[in-house]
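Chemist: Just need the structure, nothing else, for what follows:
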Amino acid sequence: MQFLLATPEYNNVQSNTTKVRVHLRSGVAEILEQHQDLMGKVDNNIVEVETNFENKIEKLWFVLQDAVFIVSNEQKEEAGETGVYIYAKRVQEISKDLTLETITKQYEEKVEAFELEKQQLAEQNIDPLNQSLNAKLFVLKEDVNFLKKVVSVVKEFKL
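Modeler: Okay, the predicted model is just below:
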């Protein structure tokens with residue numbers, strides 16, 4: 001099974017994927033070889049990918065921001081290959097290399113930048129809630145929310 005995870009800054013392709021688990025509003029979907037065509041939004045923003053690498057099963061976890069996925073069975077001559085394609089605004093792979101301290105530091109830096117931007121807008125008598133004038137504030141808030149989710153997932157995985 002083919003797996004592709006793509007964002008504007010990140011690309012991950014796996015050709016030896018055995019299972020992909022995505023969380024939807026209607027429940028958890030486990031996508032295996034020859035799965036029916038499917039499309040949807042990843043609801044809780046966590047995807048688990050299982051691969052067979054050198055006869056070992058490896059699991060990869062990703063935290064996603066605003067992700068959609070597509071499952072497609074490409075019909076080639078005799079055998080069709082199932083492809084799982086996930087497109088997201090942003091991704092963070094959860095691995096042993098990612099420590100809680102590292103991601104917490106990133107989160108705290110974004111919170112400081114967000115608060116500083118709010119303060120600067122307040123000093124200029126600009127309403128921080130007026131998002132049409134505050135694109136930078138909006139982006140910082142999205143970054144803060146994403147990193148907060150990553151911190152909670154890392155704590156849950158106890159890496």
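Chemist: so how far is residue 36 from the residue minimising distance to the centre of the chain?
Modeler: Centroid-nearest residue in the chain, with C-alpha atoms, centre = their mean: residue 64, separated by 1.3 Å. Plainly put, residue 64 is 22 Å away from residue 36 if you go by C-beta to C-beta, to the nearest Å. (Glycine included, C-beta is placed from N, CA and C.)
Chemist: Let me know the outermost residue of the protein.
Modeler: residue 125 (35.9 Å).
Chemist: so it, which of the three states?
Modeler: Of the three states, residue 125 takes coil under DSSP: H, G, I helix; E, B strand; the rest coil.
Chemist: any idea of the mean pLDDT in the longest strand anywhere in the chain?
Modeler: Longest strand of the chain, by residue count under DSSP state E: strand 56-65. The average of the pLDDT scores along strand 56-65 is 90.
Chemist: And that strand, what does it pack against?
Modeler: Packing partners of strand 56-65 (3 or more C-beta pairs under 8 Å, 6 or more residues apart in numbering; DSSP states H and E): strand 46-53, strand 90-94, helix 135-157.
Chemist: Show me which residues of the helix or strand following it are buried.
Modeler: As assigned by DSSP states H and E, the chain's next helix or strand after strand 56-65 is strand 68-75. Neighbour-count burial for strand 68-75 flags 69, 71-73 (criterion: 16 or more other C-beta atoms under 10 Å).
Chemist: Now tabulate the residues you listed in TSV and tack on pLDDT and distance to residue 87.
Modeler: TSV is the format used below for the buried residues of strand 68-75 (pLDDT from 0 to 100; distance: C-beta to C-beta, whole Å):
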residue	pLDDT	distance to residue 87
69	88	8
71	90	13
72	88	13
73	82	18
